[in-house]
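> Have a look at this fold, sequence not included:
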């Protein structure tokens, strides 16, 4: 914003804020589409994040800078000109594989990579976390997978957030599969044929997408396995707090908002209410008669005679 206006001054108005928003939409951001990095306009949500920071800055200026009496960014509508750009696979962004689809994918997957995708689906780790896992991160005794780092933009970095640093339970079968292949503590769990760190672009192009097409789920991406894990956890009865800790989200509210469509409403039928002591047949019939009498007074007299 400073690059657009030069300084923060009383001359800042709504028109200038709109120019700033337009400049954000004019910028290009890198987004991965079918395994390739492409330059595309930023999402509306990304721009909203920048404007939110600007609003906070100007709110402080209203309090501290003489001559600024109101926040010019408040009430400004954030929308790009023209039709919104539909991001690639937007409809599938939170879609999970069902059990049949997951089985089909693993069945079609090359054997050398089957364990990798099983681990993605059963632990929900992000792709950057998965390719940076070391054997020292696997606690076979406690059956836990320790997530302590990720490979991000060409460098080893801490997890995405403080909550991303977590210990994920391992199933007995997954633990045994890893046990049979374990290496030295400082070695990577998964490597390329040459023993180097896995290149996610190569993996996407040569393994993931061909397997997904063969299995009949061409829309599946790396993050699909994270959503699949969330679906499996909710189906097993885990609550949002437990799923949040498993996946390393910042808070359970985010987990619930993201995956509420995967949660069985759990309502079932109402027959369990009949077992309650207060739900006796006599009380129910009496209430029904009273309701009928109110709704149809003419039918009330015959009902009394019948009693």
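That came in fine, so what should we check first? Remember, predicted model here, so these are calculated numbers, not experimental data.
> What ranges does the stretch 51-200 of the chain have for its helices?
For the stretch 51-200 of the chain, the helices defined by DSSP state H, counting those that start in this stretch cover 99-108, 111-123, 127-130, 172-179, 200-203.
> Touching the first one from outside, list them.
Okay, so that is helix 99-108. Residues from elsewhere that reach helix 99-108 (C-beta atoms under 8 Å, 6 or more residues apart in numbering): 97, 114, 117-118, 121, 211-212, 214-217, 220, 228. Bear in mind the C-beta positions are built from the backbone N, C-alpha and C, glycine included.
> Can you lay out the residues you listed as JSON lines showing distance to residue 134 and neighbour count?
Below are the contacts of helix 99-108 laid out as JSON lines (distance: C-beta to C-beta, whole Å; neighbours: other C-beta atoms under 10 Å):
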{"residue": "97", "distance to residue 134": "27", "neighbour count": "24"}
{"residue": "114", "distance to residue 134": "20", "neighbour count": "16"}
{"residue": "117", "distance to residue 134": "19", "neighbour count": "23"}
{"residue": "118", "distance to residue 134": "18", "neighbour count": "20"}
{"residue": "121", "distance to residue 134": "21", "neighbour count": "22"}
{"residue": "211", "distance to residue 134": "25", "neighbour count": "21"}
{"residue": "212", "distance to residue 134": "28", "neighbour count": "22"}
{"residue": "214", "distance to residue 134": "31", "neighbour count": "14"}
{"residue": "215", "distance to residue 134": "30", "neighbour count": "20"}
{"residue": "216", "distance to residue 134": "34", "neighbour count": "12"}
{"residue": "217", "distance to residue 134": "30", "neighbour count": "20"}
{"residue": "220", "distance to residue 134": "27", "neighbour count": "26"}
{"residue": "228", "distance to residue 134": "24", "neighbour count": "25"}
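> what two of the residues you listed are the furthest from one another?
With C-beta to C-beta as the measure, no two of those lie farther apart than 118 and 216, at 18.7 Å.
> thought residue 170 was touching residue 137?
No. With contact defined as C-beta atoms under 8 Å, residue 170 does not reach residue 137; the gap is 11.0 Å.
> Please enumerate the shared neighbours of those two.
Common neighbours of residue 170 and residue 137 (C-beta under 8 Å, 6+ apart) are residue 145.
> The two: who's more crowded?
Neighbours per residue (other C-beta atoms under 10 Å) separate residue 170 from residue 137, with residue 170 holding more: 22 against 19.
> mind listing what that one touches?
122, 123, 138, 143, 144, 145, 178.
> run the last query once more with 6 Å
Residue 170 makes contact with 143, 145, according to C-beta atoms under 6 Å, 6 or more residues apart in numbering.
> ok, now how distant is residue 60 from residue 256?
32 Å (C-beta to C-beta, to the nearest Å).
> what about those two, which has more around it?
Set residue 60 next to residue 256 and count neighbours by other C-beta under 10 Å: residue 256 wins out with 16 against 13.
> helices and strands of this protein: which one has the lowest mean pLDDT?
helix 2-5 (a mean of 41; mean pLDDT, DSSP states H and E).
> Can you point out the buried residues in the next helix or strand after that helix?
On the C-terminal side of helix 2-5, the nearest following helix or strand under DSSP states H and E is helix 14-26. Across helix 14-26, burial judged by 16 or more other C-beta atoms under 10 Å covers 17, 20, 21, 24, 25.
> and residue 243, how far is that from residue 234?
For residue 243, the distance to residue 234 - C-beta to C-beta - is 6 Å.
> What of residue 226?
According to C-beta to C-beta, residue 226 and residue 234 sit 13 Å apart.
> Of these two, which one has the most company?
A count of neighbours by other C-beta under 10 Å puts residue 226 above the other of residue 226 and residue 234, at 23 against 20.
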